[in-house]
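everything below, folded, please.
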Amino acid sequence: MKRSVPQRLRDAASLFEERNATYGGNYRQFGRVMSCLFPDGLGPEPLTEEEWGRLAHITHIMTKLTRYCRNLRRGGHQDSMEDMAVYAQMTAELDEEAAELAKGRVSPVVAPVSLTPEQQFQKNVPSRPASLTTDDWLLDERTQ
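Below you'll find the predicted structure:
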C-alpha cells in the first residue's frame, strides 16, 4: 500500500511521540553533553575521513548512553546498552587502525584517501557525455 506524504508525516509524528515517551527530550540535551566532551571543539584542522568515522561511533555511543541515563530510574534501557557494546567494539577496531596509521604501518585497505574532498567528489561524479545536455545528464539514470 502506497502511503501519501501526509500519512508519512502522521506516521513520523506518531513515532516521535512514542520514542519521546521513552527518551524524553534527550535530543535537546545532546549538544550540551557533546560540548562537555569536546570543550575545545575539534581543533582548527579538518577531520580526516578516518576521524569522522570514529567520531560518528562516539556520537552513537553518547546517544545511547544519554538515552540509558534518561531511563535509569525505570530500569535503564537494555537496547541502548547492547547498542553501546557494539559501537564500542566497532570504535575499538577503528582506533587500532588509526594507531597503525599513526605508526606508519598503513594497510592498503585502511589507508585514507589522499584526495581533497573536491577531488574525491570530482572522481565520483561521471563526466557528462557530449551527446547529452546538462539537464538530460542530471536526469540520466547512470548519474544516480
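
report the helix or strand with the lowest average pLDDT across the protein.
When each helix and strand of the chain is scored by mean pLDDT, DSSP states H and E, helix 134-139 comes last, with a mean of 53.

so Thr66 touches Gly31, yeah?
No. Contact criterion CB atoms under 8 Å: Thr66 and Gly31 do not qualify, at 10.8 Å. (C-beta placed from N, C-alpha, C; glycine too.)

and these two? Which one has more around it.
Between Thr66 and Gly31, counted using other CB atoms under 10 Å, Thr66 has the larger neighbour count: 19 against 9.

which helices and strands sit right next to the helix or strand harbouring that one?
Per DSSP states H and E: Thr66 is located in helix 49-70. When contacts are defined as 3 or more CB pairs under 8 Å, 6 or more residues apart in numbering; DSSP states H and E, helix 49-70 packs onto helix 5-23, helix 26-37, helix 78-103.

quick check: angle from the longest one to helix 49-70?
Right, the one you point to is helix 78-103. Here helix 78-103 points in a direction 150 degrees away from that of helix 49-70 (axes from the mean of the first three to the mean of the last three CA atoms, to 10 degrees).

over to the second one?
Relative orientation of helix 26-37 and helix 49-70, computed by the same axes, to 10 degrees: 120 degrees.

start the count at 15, not 1, going forward
Happy to do that; since the first residue is 15 now, the last one works out to helix 40-51.

what packs against helix 40-51?
helix 63-84.

distance check, the residue minimising distance to the centre of the chain against Leu23.
Taking CA atoms, centre = their mean, the centroid of the chain lies closest to Ala70, which sits 4.7 Å from it. Per CB to CB, to the nearest Å, Ala70 is found 27 Å from Leu23.

ok, how many other residues are close to Phe52?
Phe52 - counted by other CB under 10 Å - has 11 other residues nearby.

what sits up against the helix holding Thr80?
For helix 63-84, the surrounding residues in contact (CB atoms under 8 Å, 6 or more residues apart in numbering) are 36-38, 40, 43-44, 47-48, 51, 56, 61, 90-91, 94-95, 97-98, 101-102, 104-105, 108-109, 111-112, 115, 126-127.

would you indicate which residues of it are buried?
64-65, 68-69, 71, 74-84 (16 or more other CB atoms under 10 Å).

now do stretch 93-104
Judged by neighbour count (16+ other CB under 10 Å), stretch 93-104 contains these buried residues: 94, 97-98, 101, 104.
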